[in-house]
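Enquirer: fold the following, please.
(2 chains)
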Amino acid sequence: MSEKKPKAIIGLEVHVQLNTNSKLFCSCPTDAEEPNTACCEICLGMPGSKPKLNEKALEFALRIALALNCKINREFFFSRKVYFYPDMAKNFQITQYEVPLAEKGFIELQSGRKISIRRVHIEEDPASLIHEANYSLIDYNRSGIPLVEIVTEPQLRSAAEAKEFLDSLIKILEYLEVFDSRRNTIKADVNISLEGSERVEIKNISGRKAIEAALEFEESRQRSLIAEGKKIERETRGFNAEKGITFTLREKEFEEDYGYIFEPDLTKFKIAKEFLEKVKREIPELHIAKAKRLQEEFSLPKNVAETLAGEKALAELFEFLTKKINPELAASFLTRELLAILNRDNLKLAELDLDAKEIAEMLVLLQENKITEKTAKEAMINYVHKKETPKKFIERNNLLIEFDTKEIEDIVDAVFAEHKKAVDDYKKGKKEAINFLVGQVMRIAKGKAEPRIVRKIIIKKLRGGKQ
Amino acid sequence: MVDVTKFVKKAKSNKINLKNFYKKLSKKLRKWNSEYRHLVLINEIDSVEFSLPNGNLYGVPLSVKDCICVKGMESRAGSAILHGYKPTFNATAVQNALNNGAVIIGKTSQDEFGFGTFNVNVGKGFEIPLNPHDKKRSCGGSSGGAAGLTALLAMNKIPHLAIAESTGGSIACPASFCGVAGFTPTYGLVSRYGLIDYANSLDKIGAIARTTIEAALLLENIAGFDEKDSTSVSVNLKLTKTDTNIENLTLGIVKDFFSEGIDREVADIVWRKIKELEAKGVELKEVSLPLNAKYGLATYYIVAMSEASTNLAKYCGIRYGAALKLEGNFDEYFSKVRSKFFGEEAKRRIILGTFARQHGFRDAYYIRALKLRSKLIKEFKKVFKSCDVVVHPTMPIIAPRFDEIEKLTPLQNYAMDLCTVPANLAGLPHLSVNAGFSRRMPVGIMFTADHFNEEKLVKIGINAEEPIGEKE
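Expert: As a prediction, the model looks like this:
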């Protein structure tokens, strides 16, 4: 098989819901749950109403554009994209057409390859449709939620690379605090083809997992067709998330005609230099730079640094802890214990309102061997779920280790004297005998010693005895 | 007592019993309306409650063009497709007038969504309003009901102000045909919040009244920056307190609008008025707007129809307005609703407007019209370097008879807006007042000033107008 596998060519159009408090063109809240409770004359498109731009949404969109290294069009305007659909309050969507908010940016992948961003623009979300057996319902709570559309050049070379791109994009959005992956949705239209074959578009895929699954499925579908010697048809497909497959929507791709005109209810906008500078200054260090820095500054393994940088709040907590705690201990506690606690219940550190000082204080105790690892873990679980500080938890349950090294050494000596056989067994190479000895010491210390320390002391003494 | 300012003073000092006044007015309006059909809705005013005497418009009967939202009051923009639509909010202009004590007497007739020059393109089920000077003739449009009612009430010595709206001449034209003052302000001076859109970049809420000063009074009380309308602006108006001295003003006579297609008698009456103004001290000057004369109408109709066709997309019989039994899929349902409830002219403008912004034609029509529009504005701006106000006949003819209108093709119909369209396209303030009579019908003279120079229009208007209802 000398034939080269054709590369995939993938371009993404990602639609991100912004995490603003109010909608793009009115002051309705964005977090209502009961259907049709967060709507007004504007987001319902009632005759006579007019849009008014939410400047927070503009600021959020600017953050994204700047973080994606885009050129900002300081003068921009909105357009009407006209099409009839039941989820459209006005049967036109206010979006940006000729001049987007920003263009010509990029995201750098791990490989160092830069994926070009063609444009970043702002638009309004339509209402949501709920399809029942023989009718549909419309919920206007979503009508007018701010969206940012991010369009890449077709430069992604595999579904895996697209996944990495999305992963990085979502981390950037979260770092910028403009997107909450549990509250806001992310959607995409994707173009995917194999070198030398026709292009397929997959429309309106909702959710990061689904986007990834659709790309994976479609890439392998196209590869199988090629392998079978068949041709790939130029078409528009949909994605069935339940079955995990793409399916034909329209066979012949046609140029949709939206009859764009300028949105005459909104004037031309001009972004003040000072405002742009302010937004620029407020862009935080992003995850890739942060991971690199943590790795170098604290001599962490690459994967640990990346895990820490995966969530901004986690990385910040880590850096705070390193003021008092050995970075290795801090990193291992956060990436092993804390993340396990959070992931189990799909929690976000940023939203828990935990006091970093309390955590630091507890880890100092661990570092000084005044509590066991088990205690630290339990105290943390308790802190996350019940909001009782670790300090109080340790006090309430009387978990402070009361034995110092000298006392433990005395107990070890006593245990050695009592259990000579076990000591001999160990020396003969029966390494598991140590567990018995540790258990005996712990029994006498009534659990208030750190098994890790006990084990260390026993080993030291056993080896010492050999010399 | 036809003078609004005097009426307000008397109402405030309790020399007029407003309750009785409105009880009587209610009866008269019902009687007259069955004859003239200026109002599409008459408000319940026989039992209106009055707040403490306050505001510059205290107690004044105010009519509102149907396309401007009044909270809880059916607002249909003259269209059957909005049957039953009761806005949940007041248009800002309406709210401002109410805050100043005005009393809404009803909603005035118009061409459906403002699509017309003679108020004959009324929505399905609506009646055509009749000119109080001659019932066989049109009130003009699209604010025909507003102008007709103003003239009728003036003839009957009843004070009245009308909130109207102009996109391409919809205030000036009916004012001219009915012999009243029609004042269209600079684009953005009055908030459009609550206006049911025709063409947003052209729409302006303005005033129709018996005299210039009364129209100015209404404008002053409804204008102002509104954060709900991004295109509104903040300007300090000094209209009613202006002096009437016109000696240092230069009047530019637009020669392009005195020639072809203008009725001889109309042109003569306007000329005579200009000469009178010269005698009162204005300096005369001949100016020309060749680009506006040549391209104004085409540019206007492309921009207006393009925007209108998007504005009308929302009417699909789902959340408000007329509805039918829910049948078929969405496309079938909304097509049925729109076919049934839109009038012919609305359909024509949707089709033409959709065409003009369609891929492949957009550059040749919509985009080109936008480019031309800025050229046309520049041409005006240049003229205002050499004069303060330009003048020409408002309409090329006196109010036509309905049987004459029937014979016009759509194109001849659109050509009637030749003189009013340029100022509207440029967003310039303009005023039409009665210059005299031809064949016993009023003839309007139109003045246009540079942006935000409304005060100059007031000065000139006061000197030029021949208001009806003055002589006993």
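
Enquirer: please name the residues that touch B:Tyr333.
Expert: Applying CB atoms under 8 Å, 6 or more residues apart in numbering or on different chains to B:Tyr333 gives the contacts B:Cys316, B:Gly317, B:Leu324, B:Leu326, B:Glu327. (Glycine included, C-beta is placed from N, CA and C.)

Enquirer: from the residues you listed, which single one is nearest chain A?
Expert: Of all those, chain A sits closest to B:Cys316, with 6.4 Å by CB to the nearest CB.

Enquirer: okay, and the closest one sits in which element?
Expert: Secondary structure from DSSP states H and E places B:Cys316 outside every helix and strand.

Enquirer: same question for A:Gly238.
Expert: Assigned by DSSP H and E, A:Gly238 falls in strand A:235-240.

Enquirer: which parts of that strand are buried?
Expert: By neighbour count on 16 or more other CB atoms under 10 Å in any protein chain shown, the buried set for strand A:235-240 is A:Glu235, A:Thr236, A:Arg237, A:Gly238, A:Phe239.

Enquirer: show me which residues of the stretch 351-472 of chain B sit near chain A.
Expert: Taking CB under 8 Å from any CB of the partner chain, the part of the stretch 351-472 of chain B that reaches chain A is made up of B:Thr354, B:Arg357, B:Gln358, B:His359, B:Arg362, B:Tyr366, B:Leu370.

Enquirer: with pLDDT, distance to B:Val233 and secondary structure as added columns, please give those residues in CSV.
Expert: Formatted as CSV, these follow (pLDDT from 0 to 100; distance: CB to CB, whole Å; DSSP: H, G, I helix; E, B strand; the rest coil):
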residue, pLDDT, distance to B:Val233, secondary structure
B:Thr354, 97, 31, helix
B:Arg357, 97, 27, coil
B:Gln358, 95, 33, coil
B:His359, 91, 34, coil
B:Arg362, 95, 29, coil
B:Tyr366, 97, 26, helix
B:Leu370, 97, 21, helix
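
Enquirer: filter these to the buried ones?
Expert: B:Thr354, B:Arg357, B:Gln358, B:Arg362, B:Tyr366, B:Leu370.

Enquirer: and the two most separated of these?
Expert: B:Thr354 and B:Leu370 (16.7 Å; CB to CB).

Enquirer: give me the phi and psi for the residue positioned nearest the centre of chain A.
Expert: The residue lying closest to the centre of chain A (CA atoms, centre = their mean) is A:Lys171, at 4.8 Å. For A:Lys171, the backbone dihedrals (degrees, to the nearest 10) come out as phi -60, psi -40.

Enquirer: what's the closest non-adjacent residue to it?
Expert: A:His287 (4.5 Å; CB to CB, 6 or more residues apart in numbering or on different chains).

Enquirer: quick check: the one you found vs chain B, distance?
Expert: 37 Å (CB to the nearest CB, to the nearest Å).

Enquirer: just give me the closest of the residues of the stretch 351-472 of chain B next to chain A to B:Ala164.
Expert: Using CB to CB, these come closest to B:Ala164 at B:Leu370, 26.4 Å.

Enquirer: contacts only, for the nearest residue to the closest one once chain neighbours are set aside.
Expert: Counting by CB to CB, 6+ apart, B:Leu370 lies nearest to B:Val303, which is 6.8 Å off, once chain neighbours are set aside. By CB under 8 Å, 6+ apart, the contact set of B:Val303 is B:Ala199, B:Ser201, B:Leu202, B:Tyr366, B:Ala369, B:Leu370, B:Arg373, B:Leu425.

Enquirer: just to revisit the earlier point, for the buried residues of strand A:235-240, work out which two are farthest apart.
Expert: A:Glu235 and A:Phe239 (13.3 Å).

Enquirer: who touches stretch A:392-411?
Expert: By CB under 8 Å, 6+ apart, stretch A:392-411 touches A:362, A:365, A:369-372, A:375, A:378-379, A:382-383, A:388, A:441, A:444-445, A:448-450, A:453-454, A:457, A:461.

Enquirer: stretch B:340-356 now?
Expert: A:259, B:79-81, B:83, B:111-113, B:115-116, B:121-124, B:301-302, B:304-310, B:312, B:315, B:317, B:321-322, B:324, B:361-362, B:365-366, B:369, B:410.

Enquirer: for that stretch, buried residues please.
Expert: For stretch B:340-356, by 16+ other CB under 10 Å, it's B:Phe341, B:Phe342, B:Gly343, B:Glu345, B:Ala346, B:Arg349, B:Ile350, B:Leu352, B:Gly353, B:Thr354, B:Phe355, B:Ala356.

Enquirer: next secondary structure element downstream of whichever helix in chain B runs longest?
Expert: What stands out as the longest helix in chain B, according to DSSP state H, is helix B:290-311. Downstream of helix B:290-311, the first helix or strand assigned by DSSP H and E is helix B:330-341.
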